[in-house]
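Visitor: Below are the sequence and a predicted model; questions follow.
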2 protein chains.
Amino acid sequence: MVSKLRQDITAKSKSAGGALGGLRMTRQRKLVYDVLLDERDHPTATEVFIRSKARMSSISLATVYNCLETLSAAGLVKQVNVGRDASRYCPNLAEHAHFVCVKCEKVYDIGLKCNEEVESVWALPEGSRIDHLEVAMKGLCAECNGGDKRSGKMEEQV
Amino acid sequence: MVSKLRQDITAKSKSAGGALGGLRMTRQRKLVYDVLLDERDHPTATEVFIRSKARMSSISLATVYNCLETLSAAGLVKQVNVGRDASRYCPNLAEHAHFVCVKCEKVYDIGLKCNEEVESVWALPEGSRIDHLEVAMKGLCAECNGGDKRSGKMEEQV
DNA sequence: TTGATATCAAGAATTATTCTAAATAAAGAT
DNA sequence: ATCTTTATTTAGAATAATTCTTGATATCAA
Ligand SMILES: [Mn+2]
Ligand SMILES: [Mn+2]
Ligand SMILES: [Zn+2]
Ligand SMILES: [Zn+2]
């Protein structure tokens, strides 16, 4: 289903028919997806709405929520949650974590180190199945943390 | 400040004075903390409210939110967020992740493997400072995943 | 006891998100 | 091209978690 929708996106707005009741690559869905691809700064639904409205004045916030939900369900987009803040959206499908700078509020993609896998550090319970993993970090980005040489260290736990 | 409040909790409700304007270990704060220690099932604020109300009928939901916020800020309790769901609260101060079973909805603490550290798998940006890390997983717990032998595997990414 | 300050409690307010229902658009068939 | 069916969009109402406001209480320290 993922590939189905994606080929329709890269190709030319044809029906996705069959499988999941017939998903259509509509102008709105394409626009929302393009907005995410254009500026990869993890916008919130409202930010996506504002950017989309600039290109299609008739689009509604409800539709933006619908499209983001559809694209997420289709696997083309990831919904990103950091704490209690509004969800943000990200078209980067590679496995990655998110880091939010508490000062400048920028959201950074954090990739996995080569040959590492996230599960390796956690003592996962035997017999369970993990479908979804979300890793969120907060702190000061390099720019906002200027001067301080103690980089990449977690505050120790009590 | 953490230890300050904690000793007051374990000891006998004395003022925490000084430092942060004088935090007091009130009956309500103690109760909320006790509720969390009593049943370590990561209750939501509303669940904490219900349990607290059973022991102190006068307590209000607003106060429960206040107490949870104060205890979290003091470092005695962790606020746990999984997706968009209501925050849950956890008195386990050891570094750990959370796993929610999408079927039975139980929340499990997932500890770090011995000698491992979370940051080791991520390519953290040089010069930044991470103050906070939250890891949330979703899937089927061992009981709800009965029969299936393919355990602990993440669904592959596209 | 008294005055200063911290905390509590009830309800209003806020905010992100979801729901509802009617209007519109797209796809396939004729 | 027209018709039919179904998916989608839209505006606004509704929801739910959380925060805010304000006056009442409790606690501390003098
Ligand atoms: Mn991302
Ligand atoms: Mn926990
Ligand atoms: Zn920054
Ligand atoms: Zn389960």
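Guide: Received, thanks. Ligands and ions are numbered 1, 2, ... in the order given.
Visitor: how near is A:Cys90 to DNA strand D?
Guide: Relative to DNA strand D, A:Cys90 is positioned 20 Å away (Cβ to the nearest atom of the strand, to the nearest Å). Backbone N, C-alpha and C define where each C-beta goes, glycine included.
Visitor: Can you report how many residues lie near the closest residue to that residue other than its chain neighbours?
Guide: Spatial nearest neighbour of A:Cys90, excluding adjacent residues (Cβ to Cβ, 6 or more residues apart in numbering or on different chains): A:Lys78 at 4.7 Å. Residues within reach of A:Lys78, counting by other Cβ atoms under 10 Å in any protein chain shown, total 22.
Visitor: Could you do A:Val64 as well?
Guide: A:Val64: 24 neighbours (other Cβ under 10 Å).
Visitor: host element of the residue lying closest to it once chain neighbours are set aside?
Guide: Distance criterion Cβ to Cβ, 6+ apart; nearest residue to A:Val64, sequence neighbours excluded, is A:Phe49 at 4.4 Å. Using DSSP states H and E, A:Phe49 falls within helix A:45-55.
Visitor: What is that helix packed up against?
Guide: helix A:27-38, helix A:61-74 (3 or more Cβ pairs under 8 Å, 6 or more residues apart in numbering or on different chains; DSSP states H and E).
Visitor: Compile these into JSON lines and extend it with columns for mean pLDDT and distance to A:Lys106.
Guide: Output for the helices and strands packed on helix A:45-55, formatted as JSON lines (pLDDT from 0 to 100; distance: least, Cβ to Cβ, whole Å):
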{"stretch": "helix A:27-38", "mean pLDDT": "97", "distance to A:Lys106": "16"}
{"stretch": "helix A:61-74", "mean pLDDT": "97", "distance to A:Lys106": "20"}
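Visitor: Quick one: closest of those helices to A:Ala136.
Guide: Of all the helices and strands packed on helix A:45-55, helix A:61-74 sits nearest to A:Ala136, with 16.7 Å by Cβ to Cβ.
Visitor: hmm, the closest one in reach of DNA strand D?
Guide: Yes - contact of helix A:61-74 with DNA strand D (Cβ under 7 Å from any atom of the strand) involves A:62-63, A:66-67, A:70.
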